[in-house]
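In: Give the three-dimensional model of this entry:
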Amino acid sequence: MCDRPITERSNQLTASVDVASPTDIVSLLQKCDTEIFQGWDQDGNGYKSLHSEEILQRINSVSEVAATLLQDPLNNAIVLSGCGTSGRLAFMVSRSFNRHLEQQGKPMCYYYSIAGGDKALFTSQEAPEDDPLHGRNVLKEIVRDKRRVLFLGISCGLSAPFVAGQLDYCMDHLDVFVPVLIGFNPTEQARDIPVEKWNKTFLGVTKRLEDLARLGHGYIINPVVGPEPITGSSRMKGGTATKMILDVIFTQAHQHLGILKPSAILRTYELVNSAVYSQSTAIAALLEAAGKSLSAGGHIYYLGTDSLGIVGMIDASECPPTFGASPDDVRGFIDGGYQSLGNKEGNLSSLGHNFSISLDTFQNNVLPRLAQQDMVIVLISGIDGMGKMEKIIAQVVASAAVSAGVYCCGPDQSVDCTPAEDQLLPYQLDMNIKIPWSIHEVLGPEVVPFCSHFYIEIAAKWVCNAITTGAHILSGKVFQNTMVDLKVSNTKLFHRAISIVQKYAALSTEDAKLFLLRSVYNTDSLTDDMQLASSSAHILQATSQGKIVPVALLSVIQKCSIQEAKDCLKKTPVIRAALQQCLEKCG
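Out: Alright, predicted model coming up:
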């Protein structure tokens with residue numbers, strides 16, 4: 001039996017995804033997504049699935065707490081927190097439900113916390129993710145003067161120190177907080193590695209919360225949804241399951257507590273998933289075109305209004321840490337820019353061009369430079385207006401770039417869904433996907449309008465994840481089903497990098513770490529200071545570098561110097577090809 005946490009294991013379904021065709025890639029992603037709903041228990045340990053009665057009851061209980069706090073939104077708070085993708089989804093969900101409160105004339109009650117602040121909505125922020133005391137201080141600032149707080153800490157692998165520090169603080173103050181942990185490993189697989197400058201581990205925090213949960217003072221929602229299609233890439237299944245769980249909790253709290261069951265709402269997401277993959281042929285065509293763009297040195301640009309613009313931006317932000325991509329390779333733009341985004345720190349465009357997110361920025365700075373190897377993907381819903389996109393779409397179509405439309409129909413349009421090409425008026429994009437679905441028979445027509453945006457968002461997420469994952473597979477950024485060119489930018493990724501070297505070079509954990517450090521410090525002879533330095537020092541050294549893991553792998557497999565390994569990658573820049581040649585040569 002594998003001793004790695006389930007979220008860090010290789011999914012057997014996608015073991016050869018790196019040599020799959022675009023059509024087969026989409027088919028494999030669909031099979032992996034099915035595990036979200038059907039559960040995963042290859043160990044035979046009776047792991048809880050998303051639909052297990054125990055998980056559904058916990059979701060329902062948290063909904064009840066949320067409903068109670070929402071009766072006094074001025075004095076209470078609901079805080080959603082996480083690192084990376086989890087933090088971005090926390091922002092997105094809190095934004096959505098605050099808008100519902102605003103429409104009812106009520107004050108906001110939802111708050112988000114993301115390691116590294118709003119910069120982390122766009123780029124990975126390394127040091128804060130590994131700092132539990134920083135997490136604690138951020139939470140204290142958010143909830144100052146609040147009487148009661150429902151805190152939901154999201155860590156897909158039960159591993160983020162930032163979240164652990166916040167949960168620990170909540171458990172120290174149960175007179176104010178109801179702590180909830182959301183993740184996708186069994187609790188015994190929570191990370192048991194000491195956190196720097198802290199005397200606790202995530203496992204210790206989890207066990208403490210388990211004890212409190214038995215007394216009714218907290219909750220752990222941790223269905224097992226199986227390994228990710230790309231090993232460890234929790235932006236995919238983990239991110240999807242996170243969003244569904246949060247949507248279900250708060251939809252119940254706002255609308256039909258005690259009447260609308262969590263299982264019924266989850267069933268609607270399963271229907272949307274089926275609708276998305278009913279368009280597999282069209283999705284495969286898009287990801288093939290996106291792969292050609294990246295392979296040719298081009299770029300992928302998402303354009304969208306409101307929450308669909310955010311979905312595109314989140315997908316883009318995940319590519320650099322996952323695939324070692326440049327921040328310019330995939331970018332997202334939203335109509336209205338920061339005013340529409342509604343983040344708490346406001347306009348961050350002064351931090352650099354990758355923080356400029358408005359359609360005006362795209363129109364003025366990107367559109368004039370579009371080339372035939374670039375791809376522009378327009379994300380459209382059946383319930384939002386086109387905004388400024390109508391004019392920009394015409395200009396995109398007239399450019400040399402490949403243009404595509406992803407049209408997610410609103411549920412009320414599920415039967416007679418307007419074709420995407422009609423929605424785009426007279427402009428004919430090169431490629432289109434239309435995704436209609438019907439959920440009225442599951443929820444009832446009175447509930448559907450409240451949930452419409454959530455289904456549109458999740459449908460767009462599935463499509464965007466498939467496009468960029470498939471594109472990076474086709475451009476050689478994935479070996480077997482492992483993201484071998486990941487950025488070594490936090491503790492989680494540092495240990496993942498060690499495990500990748502260990503797996504493919506057949507080394508012990510300690511030897512794999514030494515070869516990784518040789519690549520990190522660009523030397524064949526590690527000094528004692530290098531070897532004895534803290535993990536945070538290694539990560540700081542590695543963060544700005546690319547190809548850390550491929551260089552380490554090539555050096556150990558070929559028994560060559562670090563420089564020779566780098567030279568090999570220069571001659572064969574497609575990482576998958578370089579590693580495959582190396583393994584075949586060394587037999």
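
In: show me what contacts residue 325?
Out: Residues near residue 325 by C-beta atoms under 8 Å, 6 or more residues apart in numbering: 294, 319, 472, 477. Quick note: C-beta positions are derived from backbone N, CA and C, even for glycine.

In: What is the burial count for the first one?
Out: Just to be clear, that refers to residue 294. Counted by other C-beta atoms under 10 Å, the residues lying close to residue 294 total 24.

In: after the helix or strand encompassing it, next one along is what?
Out: Assigned by DSSP states H and E, residue 294 belongs to helix 280-295. Using DSSP H and E, the helix or strand that follows helix 280-295 in sequence is strand 300-304.

In: Quick check: mean pLDDT of the next helix or strand after that next one?
Out: Sequence-wise, the next helix or strand downstream of strand 300-304 (DSSP H and E) is helix 306-317. Mean pLDDT, helix 306-317: 96.

In: cool, stretch 525-544 as well?
Out: On average, stretch 525-544 scores 93.

In: What of stretch 209-221?
Out: The average of the pLDDT scores along stretch 209-221 is 97.

In: tell me how far that stretch is from the chain's mean position?
Out: Centroid displacement of stretch 209-221 relative to its chain, using C-alpha atoms, centre = their mean, to the nearest Å, is 26 Å.

In: What are the buried residues along it?
Out: Neighbour counts over stretch 209-221 (16 or more other C-beta atoms under 10 Å) mark 209, 212, 213, 218, 219, 220, 221 as buried.

In: Which one of those is nearest to residue 3?
Out: residue 220 (21.3 Å; C-beta to C-beta).

In: And that closest one, how far from residue 251?
Out: 21 Å (C-beta to C-beta, to the nearest Å).

In: What's the local residue count around residue 118?
Out: 21.

In: now it, nearest residue through space, not along the chain?
Out: residue 345 (3.9 Å; C-beta to C-beta, 6 or more residues apart in numbering).

In: Checking my notes, residue 544 in a strand, right?
Out: No. Going by DSSP: H, G, I helix; E, B strand; the rest coil, the assignment for residue 544 is coil, not a strand.

In: For the nearest residue to residue 45 once chain neighbours are set aside, list the residues it contacts.
Out: Computed as C-beta to C-beta, 6+ apart, the closest residue to residue 45 that is not its neighbour in sequence is residue 186, at 7.4 Å. Counting by C-beta under 8 Å, 6+ apart, residue 186 touches 6, 45, 47, 222, 224.

In: Kindly report the same for residue 39.
Out: So residue 39 contacts 47, 48, 49, 50, 51, 52, 223, 224, 225, 226 (C-beta under 8 Å, 6+ apart).

In: Selection in ChimeraX covering whichever of these are buried, please.
Out: Buried members of these, defined by 16+ other C-beta under 10 Å, are picked up in ChimeraX with:
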select :47,48,49,50,51,223,224,225,226
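
In: Just say helix, strand or coil for residue 553.
Out: Following three-state DSSP, the label given to residue 553 is helix.

In: and the angle from the lengthiest helix in the chain to helix 306-317?
Out: Longest helix in the chain by number of residues (criterion: DSSP state H): helix 448-474. Put simply, helix 448-474 runs at 20 degrees to helix 306-317, going by axes from the mean of the first three to the mean of the last three C-alpha atoms, to 10 degrees.

In: Flag every buried residue along helix 448-474.
Out: Buried residues in helix 448-474, counted by 16+ other C-beta under 10 Å: 448, 451-474.

In: ditto for stretch 30-40
Out: 30, 32, 33, 34, 35, 36, 37, 39, 40.

In: Contacts only, for the fifth one.
Out: Spelled out, it's residue 35. 225, 226, 237.

In: any chance of these in JSON lines, with secondary structure too?
Out: Output for these, formatted as JSON lines (three-state DSSP):
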{"residue": "225", "secondary structure": "coil"}
{"residue": "226", "secondary structure": "coil"}
{"residue": "237", "secondary structure": "helix"}
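
In: got a pLDDT number for the residue nearest to the spatial centre of the chain?
Out: For the chain, the residue nearest the mean C-alpha position is residue 235 (2.6 Å; C-alpha atoms, centre = their mean). On pLDDT, residue 235 comes in at 94.

In: Am I right that it is in a strand?
Out: No. Read with three-state DSSP, residue 235 is coil and lies in no strand.

In: re the thing from before, and which of the contacts of residue 325 is nearest residue 203?
Out: residue 319 (30.6 Å).

In: doesn't residue 329 make contact with the closest one?
Out: Yes. Residue 319 is within contact range of residue 329, at 6.2 Å (criterion: C-beta atoms under 8 Å).

In: how near is the residue nearest to the centre of the chain to residue 318?
Out: The gap separating residue 235 from residue 318 is 4 Å, by C-beta to C-beta.

In: What of residue 88?
Out: Separation of residue 88 from residue 318 (C-beta to C-beta) stands at 8 Å.

In: next one: residue 534
Out: On the measure of C-beta to C-beta, residue 534 and residue 318 end up 27 Å apart.

In: and the next element down the chain from the least confident helix or strand in the chain by mean pLDDT?
Out: Lowest mean confidence among the helices and strands of the chain (mean pLDDT, DSSP states H and E): helix 420-423, at a mean of 46. Downstream of helix 420-423, the first helix or strand assigned by DSSP H and E is strand 431-435.

In: just checking, what packs against that following strand?
Out: helix 280-295, strand 402-408, helix 420-423, helix 448-474 (3 or more C-beta pairs under 8 Å, 6 or more residues apart in numbering; DSSP states H and E).

In: what is the rounded mean pLDDT of it?
Out: 82.

In: Determine how far it lies from the middle of the whole chain.
Out: Relative to its parent chain, strand 431-435 has a centroid offset of 23 Å by C-alpha atoms, centre = their mean.

In: Check stretch 139-159 too.
Out: The answer for stretch 139-159 is 20 Å, by C-alpha atoms, centre = their mean.

In: For that stretch, list every residue counted as buried.
Out: Buried residues in stretch 139-159 (16+ other C-beta under 10 Å): 139, 142-143, 146, 148-159.
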